[in-house]
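Engineer: no FASTA, just this:
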């Protein structure tokens, strides 16, 4: 393996971008349609969605560790080990998804109640979460397939799966939220059901294409081998810290929104729209997956000298892509925001925060490459330490601005600068000074 060309990076990255775009479409569709139902529903979908995403991030963190392992084994050309990792990871993700689904069904309202001041928002959030959680097992299995395809650097089918999920979600959300084609108008409940069905359809496609394509026979996937507790534990040795990292990250995001909820329903509605603007990070997030895959593969091939050059090259790639993305987004803020609501007062209230988040995302797109370079070395404990330190500072800053000083919502969103810059600086320090060259997994 040599330093990848721009074309090679793009070949891996663009299908991942489509996957992330499809996932964003699911969230954006909810925001755009519910923004036309009411501000309560708009804010409630943000809170219910964040708690769901916190559970989802357990699977996301585990599958990130699986991707690192698959990339390393692919570099070693140990293909049968990839199949064993995949099947045992499926067992773990299925059981954890069922566990979290049961937790929400029995304790969901108890989890939400202490954090929400508005009774209307509480009731709507509870309804959304109860139905949305049904898709957790489908989305977790989908994450496992994404880890496999990204880990072997063959991401073509991910784009088709993402198109299926996005298309079905948009259609069903429109029909079920507003009640078209003779269907009942379900509002926020319809948004959750549409997301679940779209995730199931995307997963069925991935299963069918994987078992029917001879290209993947050498990996011996989906053989439903006898569970290997030792392998699951060793995978958790890598994934466990990533899982904690993502749960911590999304948990802090949930706490951040709880600070905002205390500021009123308008601030919460503005912030839900701003949350959807994170779709502009899709190029950066896709390149994060690429950098962790290529770093792990280079180490699997015994070429640690390529790690820093790979990270540098992809960081430049991210800089260019985020410059273009943010530049386009700056042209007409009102037009972009109007995709999520037709309330002129809410649009006007969102514009200042919109400018703040664009600047923050530009920085995050570059700093995240450094952080995922750390993940690619499989030093996930270090990555967890970086995330913990960063989030601690981030939440203290957000609390001071939102609760203590009670500043306008746009000033609260400046906390994203703290997160981005501190994450990048700590990651850069570790890559320069840390002992990651000989990490064995």
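Structural biologist: Great, that's in hand. Keep in mind it's a predicted model, so treat the numbers as computed, not measured. Residues are numbered from 1 along each chain as shown.

Engineer: Give me the spatial nearest neighbour of residue 168, chain neighbours excluded.
Structural biologist: residue 198 (4.2 Å; Cβ to Cβ, 6 or more residues apart in numbering). For every residue, glycine as well, the C-beta is placed using N, CA and C.

Engineer: Please read off the pLDDT at residue 122 from the model.
Structural biologist: Among the per-residue scores, residue 122 holds a pLDDT of 79.

Engineer: ok, and for the strand or helix carrying residue 88, which residues are buried?
Structural biologist: According to DSSP states H and E, residue 88 maps onto helix 79-112. Buried positions in helix 79-112, judged by neighbour count with 16 or more other Cβ atoms under 10 Å: 79, 81-93, 96-97, 100-101, 104, 108, 112.

Engineer: Relative to residue 190, how far out is the residue nearest to residue 168?
Structural biologist: As judged by Cβ to Cβ, to the nearest Å, residue 198 and residue 190 stand 12 Å apart.

Engineer: helices or strands up against whichever helix or strand comes after the helix holding residue 88?
Structural biologist: Following the chain from helix 79-112 toward its C-terminal end, the next helix or strand by DSSP H and E is helix 119-132. With contacts taken as 3 or more Cβ pairs under 8 Å, 6 or more residues apart in numbering; DSSP states H and E, helix 119-132 sits against helix 39-76, helix 79-112, helix 188-212.

Engineer: TSV please, covering those helices and showing distance to residue 272.
Structural biologist: Supplementary listing: the helices and strands packed on helix 119-132 in TSV, determined by distance: least, Cβ to Cβ, whole Å:
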stretch	distance to residue 272
helix 39-76	4
helix 79-112	16
helix 188-212	12
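
Engineer: ok, of these, where does mean pLDDT dip lowest?
Structural biologist: Minimum mean pLDDT among the helices and strands packed on helix 119-132: helix 39-76, a mean of 79.

Engineer: Between helix 119-132 and that one, find me the angle.
Structural biologist: Put simply, helix 39-76 runs at 40 degrees to helix 119-132, going by axes from the mean of the first three to the mean of the last three Cα atoms, to 10 degrees.

Engineer: which regions of the stretch 201-350 of the chain lie under the pLDDT threshold?
Structural biologist: By pLDDT under 70, the stretch 201-350 of the chain has no low-scoring segment.

Engineer: Strands along the stretch 151-300 of the chain, start to end?
Structural biologist: Here the stretch 151-300 of the chain has no strands by DSSP state E, counting those that start in this stretch.

Engineer: out of the helices and strands packed on helix 119-132, nearest to residue 370?
Structural biologist: For the helices and strands packed on helix 119-132, the distance to residue 370 is smallest for helix 39-76, at 16.0 Å, taking Cβ to Cβ.

Engineer: what comes up buried for the closest one?
Structural biologist: For helix 39-76, by 16+ other Cβ under 10 Å, it's 39-75.

Engineer: same thing with stretch 340-357?
Structural biologist: By neighbour count on 16+ other Cβ under 10 Å, the buried set for stretch 340-357 is 340-341, 343, 346-347, 349-350, 353-354, 356-357.

Engineer: Cross the residues you listed against helices and list the overlap.
Structural biologist: The members of those that map onto helices under DSSP state H are 346-347, 349-350, 353-354, 356-357.

Engineer: Report the contact partners of residue 77.
Structural biologist: Neighbour list for residue 77: empty [criterion: Cβ atoms under 8 Å, 6 or more residues apart in numbering].

Engineer: Now the phi/psi pair for it, please.
Structural biologist: When read as degrees, to the nearest 10, the backbone of residue 77 gives phi 60, psi 30.

Engineer: For residue 219, see how far away it is.
Structural biologist: Look at residue 77 and residue 219: by Cβ to Cβ, they are 12 Å apart.

Engineer: try residue 169
Structural biologist: For residue 169 relative to residue 219 (Cβ to Cβ), the value is 30 Å.

Engineer: neighbour-wise, which of those two wins?
Structural biologist: The neighbour comparison of residue 169 against residue 219 (other Cβ atoms under 10 Å) goes to residue 169, with 27 against 22.

Engineer: Leaving out chain neighbours, which residue sits closest to the more buried one?
Structural biologist: Per Cβ to Cβ, 6+ apart, closest to residue 169 is residue 198, 3.7 Å.

Engineer: Do I have it right that the one you found meets residue 163?
Structural biologist: No: in this structure, residue 198 is not within contact of residue 163 by Cβ atoms under 8 Å, at 10.9 Å.

Engineer: between the two, who's got more neighbours?
Structural biologist: For the pair residue 198 and residue 163, the greater number of neighbours falls to residue 198 (27 against 17), based on other Cβ under 10 Å.

Engineer: of the buried residues of stretch 340-357, closest to residue 233?
Structural biologist: residue 357 (39.9 Å).

Engineer: confidence score at that closest one?
Structural biologist: 91.

Engineer: Please apply the same query to residue 30.
Structural biologist: Listed pLDDT for residue 30 reads 69.

Engineer: repeat for residue 421
Structural biologist: On pLDDT, residue 421 comes in at 94.

Engineer: Measure how buried it is and give me the count.
Structural biologist: Other residues lying near residue 421 total 15 when counted by other Cβ under 10 Å.

Engineer: host element of it?
Structural biologist: In the assignment (DSSP H and E), residue 421 maps to helix 415-433.

Engineer: What residues of that helix count as buried?
Structural biologist: For helix 415-433, by 16+ other Cβ under 10 Å, it's 415-420, 422-424, 426-428, 430-431.

Engineer: Tell me which residues are up against that helix.
Structural biologist: Applying Cβ under 8 Å, 6+ apart, the external contacts of helix 415-433 come out as 256, 307-308, 311, 356-357, 359-361, 363-364, 366-368, 370-371, 373-374, 379, 382, 386-387, 389-391, 393-394, 397-398, 401, 436.

Engineer: Need the buried ones from those residues selected in PyMOL.
Structural biologist: Buried residues within the contacts of helix 415-433, by 16+ other Cβ under 10 Å, are selected in PyMOL with:
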select buried, resi 256+307+311+356+357+359+360+361+363+364+366+367+368+370+371+373+374+379+382+386+387+390+391+394+397+398+401+436
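
Engineer: now, which of the contacts of helix 415-433 lie within helices?
Structural biologist: Using DSSP H, the contacts of helix 415-433 in helices are 256, 307-308, 311, 356-357, 359-361, 363-364, 366-368, 370-371, 373-374, 382, 386-387, 389-391, 393-394, 397-398.

Engineer: Could you work out the most separated pair of the ones in helices among the buried residues of stretch 340-357?
Structural biologist: 346 and 356 (16.6 Å).

Engineer: ok, now which ones touch the closest residue to residue 251 other than its chain neighbours?
Structural biologist: Excluding the flanking residues, the one nearest residue 251 by Cβ to Cβ, 6+ apart is residue 54, at 5.7 Å. By Cβ under 8 Å, 6+ apart, residue 54 lies in contact with 247, 250-251, 253-254.
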